[in-house]
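Sequence plus the predicted model coming up.
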Amino acid sequence: MRNQLDPSAADGYKSNSQIARRVTENWFSESMYCPSCPNKSVRQTRGGTKVVDFDCSRCGAEFQLKSKQGSLGRSLRDAAYAPMMERVSAGLAPHFAFMTYRKQPWEIVDLLLVPRHFLTPAAIIAAPPLSASARRAGWVGCSIKLDEIPHDGRVFVIQRGSVLDTVAVRKLWRKFAWLEGVTVECRGWTTDVWKCIQRLGKRTFTLADVYAFEIELSAKYPKNRHVRDKIRQQLQVLRDQKLLKFDSRGIYSLIWSSNRPSPSS
Ligand SMILES: [Zn+2]
């Protein structure tokens with residue numbers, strides 16, 4: 001894989017947005033592999049849906065590609081809010097691919113995947129409606145709030161122009177694929193407790209360390225009066241997934257270290 005884009009894919013196109021779309025989509029169908037199975041390519045879907053742009057013929061994974069010139073930023077602009085929220089709540093969202101690129105020369109700066117199993121309604125925020133003077137006045141778009149996604153759910157394929165190791169990308173993807181089987185309501189708790197553990201920055205930690213996030217989690221889940229029970233339940237889920245182990249009463253160690261994929265040699 002190379003991060004060069006081919007502007008000739010947009011020969012004959014005039015508008016900048018059409019050119020960018022053609023060039024980036026062309027790269028994705030020519031160069032992108034499926035991160036969730038060994039398939040070496042993904043294919044462009046033919047119209048029909050506004051939410052899915054590419055899919056994998058082998059495992060059925062679906063992807064939506066959003067690209068922009070410049071840098072990623074803290075929130076990633078996506079499609080219309082209402083249909084996206086509906087899909088996320090129903091567990092039917094596609095995986096997301098956010099691409100940033102530059103021109104002269106045309107090349108990809110970052111390609112960041114956010115697997116759908118990390119998406120929760122809390123991560124989707126509505127953008128202000130388009131103004132009355134806009135062509136699509138009143139239209140409400142959405143963004144994905146990167147802070148809501150744990151580090152393990154931000155899977156870079158290309159980072160700052162470097163193509164990262166495919167084996168490590170797929171390994172990171174697969175390690176959390178079990179979240180697909182967790183309901184959207186429970187998934188929020190699982191990923192939030194996992195984020196808290198990561199924020200501790202320790203290999204070994206105590207139950208009290210995690211309970212320290214009780215107030216923060218209570219604020220996020222005001223209807224839940226049993227936050228400590230929930231924390232312990234999620235620690236068991238994470239243990240069952242071999243992300244951590246119970247050492248002795250109230251003491252835990254991480255098994256999974258969130259080593260980021262590094263550039264392929
Ligand atoms: Zn696949």
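Happy to help now that I have it. Residues are numbered from 1 along each chain as shown.

Which strand or helix spans Y252?
For Y252, the enclosing helix or strand under DSSP states H and E is strand 251-254.

now that strand: mean pLDDT?
Across strand 251-254, pLDDT averages out at 95.

for stretch 43-61, same thing?
85.

again with stretch 193-206
Across stretch 193-206, the per-residue pLDDT values average to 94.

okay, it in PDB with CA atoms only?
Backbone C-alpha positions of stretch 193-206 (Å, rounded to 0.1, in the frame of the first residue of the first chain) are rendered in PDB as follows:
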ATOM      1  CA  VAL A 193     -14.900   1.500  31.900                       C
ATOM      2  CA  TRP A 194     -12.100   0.400  29.500                       C
ATOM      3  CA  LYS A 195     -11.300   4.100  28.800                       C
ATOM      4  CA  CYS A 196     -11.100   4.800  32.500                       C
ATOM      5  CA  ILE A 197      -8.700   1.900  33.000                       C
ATOM      6  CA  GLN A 198      -6.600   3.300  30.100                       C
ATOM      7  CA  ARG A 199      -6.600   6.700  31.600                       C
ATOM      8  CA  LEU A 200      -5.100   5.200  34.800                       C
ATOM      9  CA  GLY A 201      -2.000   4.500  32.800                       C
ATOM     10  CA  LYS A 202      -1.000   1.600  35.000                       C
ATOM     11  CA  ARG A 203      -0.300  -2.100  34.300                       C
ATOM     12  CA  THR A 204      -1.600  -3.100  37.700                       C
ATOM     13  CA  PHE A 205      -4.400  -1.300  39.400                       C
ATOM     14  CA  THR A 206      -7.000  -1.700  42.100                       C
END
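
got the contact list for it?
150-152, 209-210, 213, 216-217, 230-231, 234-235, 238, 243-244, 247, 250-254, 257-258 (C-beta atoms under 8 Å, 6 or more residues apart in numbering). Where you see a C-beta, it was placed from the backbone N, CA and C, and this is true even at glycine.

likewise stretch 213-226?
122, 188-189, 192-193, 196, 227-228, 230-231.

of these, buried ones?
Among these, those buried by neighbour count (16 or more other C-beta atoms under 10 Å) are 188-189, 192-193, 196, 227, 230-231.

Any chance of TSV for those, columns secondary structure and distance to the ion?
Shown next, in TSV, are these (DSSP: H, G, I helix; E, B strand; the rest coil; distance: C-beta to the ion, whole Å):
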residue	secondary structure	distance to the ion
G188	helix	26
W189	helix	28
D192	helix	28
V193	helix	29
C196	helix	31
V227	helix	37
K230	helix	33
I231	helix	34
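
and those as JSON lines, adding distance to T166?
What follows is those, written out as JSON lines (distance: C-beta to C-beta, whole Å):
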{"residue": "G188", "distance to T166": "30"}
{"residue": "W189", "distance to T166": "32"}
{"residue": "D192", "distance to T166": "30"}
{"residue": "V193", "distance to T166": "30"}
{"residue": "C196", "distance to T166": "30"}
{"residue": "V227", "distance to T166": "40"}
{"residue": "K230", "distance to T166": "36"}
{"residue": "I231", "distance to T166": "35"}
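
before we move on, back to that, buried subset of the contacts of stretch 193-206 as a ChimeraX selection?
Buried members of the contacts of stretch 193-206, defined by 16+ other C-beta under 10 Å, are picked up in ChimeraX with:
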select :150,152,209,210,213,217,230,231,234,235,238,243,244,252,254
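
Can I take it that K66 is in a strand?
Yes. Counting by DSSP: H, G, I helix; E, B strand; the rest coil, K66 is located in a strand.

From S17, how far off is it?
12 Å (C-beta to C-beta, to the nearest Å).

and what of E30?
20 Å.

Which one's more surrounded, those two?
Set side by side, E30 and S17 show more neighbours around E30, with 11 against 8, by other C-beta atoms under 10 Å.

Quick check: of the contacts of stretch 213-226, which lies closest to G60?
Closest to G60 out of these is G188 (24.8 Å), distances taken as C-beta to C-beta.
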